[in-house]
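Undergrad: Predicted coordinates and the sequence they were generated for:
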Amino acid sequence: MTRFRLDLGYRGTDFHGWAKQPGLRTVQAAVESGLERITGTEVDTVVAGRTDSGVHARRQVVHIDLGDEAIGKLIGQSNRSAEAALLSRLRGVLIAGEFHDIVVHAVTEVPEDFDARFSALWRSYQYRLADHRSFIDPLLTQVTPRHKGELDAEAMAEAASEVQGLHDFLPFCKPREGATTIRTLYELHVSRDQDAVITIDLRADAFCHHMVRALVGGLIKVGSGNWAVTRPAELIAEADAGLTPDVPMFVTPAEGLVLTEVGYPAPEDYAVRNAQTMARRDQE
């Protein structure tokens, strides 16, 4: 088997998330269906991060394994490399299948110990949010939720700076049974772009379910004056102390969120990173 890394992006508006679901339009189903058509065999995908319904990805990472027979069918009579053939033919079959909202950026043959999920060092996201001050670009309304009134972006930025680091993010997660909510949040920055649209950039080793949109929701509560600047950090401090804060989460709309990038170590460090990730999962 030969392992390939696929770098792709998608507009999540018309998808019910990444993961396959019976009878629903999903990114995974579209990609795996396209791969089966061009290789003549079922192909399983492993993804860096499963996005929810309506969430977009600018640079998502997937890995697949193909046998010699599948690679032979893929290349056919051409003199192209397997990478070039896979890139060209997957792009073509997705367009033919009317999946214009999926873009395949690159295909790379990788070592067998590369794992799109377990080798990842970090994932980064960005959330876009317009308020009363923002210029509303009609071409971006599908990816930019609007907030009534004006938000205090400076207060949001101050609150964001206080929750970075290794913490228990239980107040901002929908915990899965048996899974930890402890994460390392490397970056959380709030600013306004040239159109005064608020952009919230986050980077962490991993994010638990709803963590990104719940953190954004907490910052909106700060920006609207409903929470003190210190409130997000106080909730996390309670969770760090083993308490369970009784505060409902405010999860923001999915359309404002995009997975922007996934970071990986050097190839010689894939196996070490995989072991680290698996060890953490075994402790959960």
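TA: Here it is on my side, so go on.
Undergrad: So which residues of the stretch 151-284 of the chain form helices?
TA: Under the criterion DSSP state H, counting those that start in this stretch, helices of the stretch 151-284 of the chain are mapped to 153-161, 211-223, 231-240, 270-283.
Undergrad: Quick one: residues in contact with the first one.
TA: When contacts are defined by CB atoms under 8 Å, 6 or more residues apart in numbering, helix 153-161 is touched by residues 188-192, 198, 200, 218-220, 222-223, 227, 229-233. C-beta here means a position set from N, CA and C on the backbone, and glycine is covered the same way.
Undergrad: before we move on, the earlier item: for the helices of the stretch 151-284 of the chain, which one sits closest to Gly72?
TA: helix 270-283 (26.9 Å; CB to CB).
Undergrad: which parts of the closest one are buried?
TA: Under the neighbour-count criterion of 16 or more other CB atoms under 10 Å, helix 270-283 has Tyr270, Ala271, Arg273, Asn274, Gln276, Thr277 buried.
Undergrad: Tabulate these (TSV), appending distance to Ile95 and pLDDT.
TA: Below are those laid out as TSV (distance: CB to CB, whole Å; pLDDT from 0 to 100):
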residue	distance to Ile95	pLDDT
Tyr270	32	97
Ala271	37	96
Arg273	34	96
Asn274	34	95
Gln276	39	90
Thr277	35	90
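Undergrad: Setting the sequence-adjacent residues aside, check what's closest to Glu112.
TA: Excluding the flanking residues, the one nearest Glu112 by CB to CB, 6 or more residues apart in numbering is Arg3, at 5.2 Å.
Undergrad: and the one you found, how many neighbours?
TA: 18 (other CB atoms under 10 Å).
Undergrad: Quick check: Val46 vs Thr180, distance?
TA: Distance, Val46 to Thr180, by CB to CB, to the nearest Å: 21 Å.
Undergrad: Kindly apply the preceding question to Gln142 instead.
TA: For Gln142, the distance to Thr180 - CB to CB - is 34 Å.
Undergrad: ok now do the closest residue to Leu151 other than its chain neighbours, which residues does it touch?
TA: Once flanking residues are discounted, Leu151 sits nearest to Gly223: 3.5 Å by CB to CB, 6+ apart. Remark: with contacts taken as CB under 8 Å, 6+ apart, Gly223 is in contact with Leu151, Asp152, Ala153, Ala155, Met156, Ile198.
Undergrad: how about a markdown table for those residues, with neighbour count, distance to Gly17 and pLDDT added?
TA: Formatted as a markdown table, the contacts of Gly223 follow (neighbours: other CB atoms under 10 Å; distance: CB to CB, whole Å; pLDDT from 0 to 100):
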| residue | neighbour count | distance to Gly17 | pLDDT |
| --- | --- | --- | --- |
| Leu151 | 24 | 28 | 98 |
| Asp152 | 15 | 32 | 98 |
| Ala153 | 20 | 29 | 98 |
| Ala155 | 18 | 32 | 98 |
| Met156 | 27 | 27 | 98 |
| Ile198 | 26 | 25 | 98 |
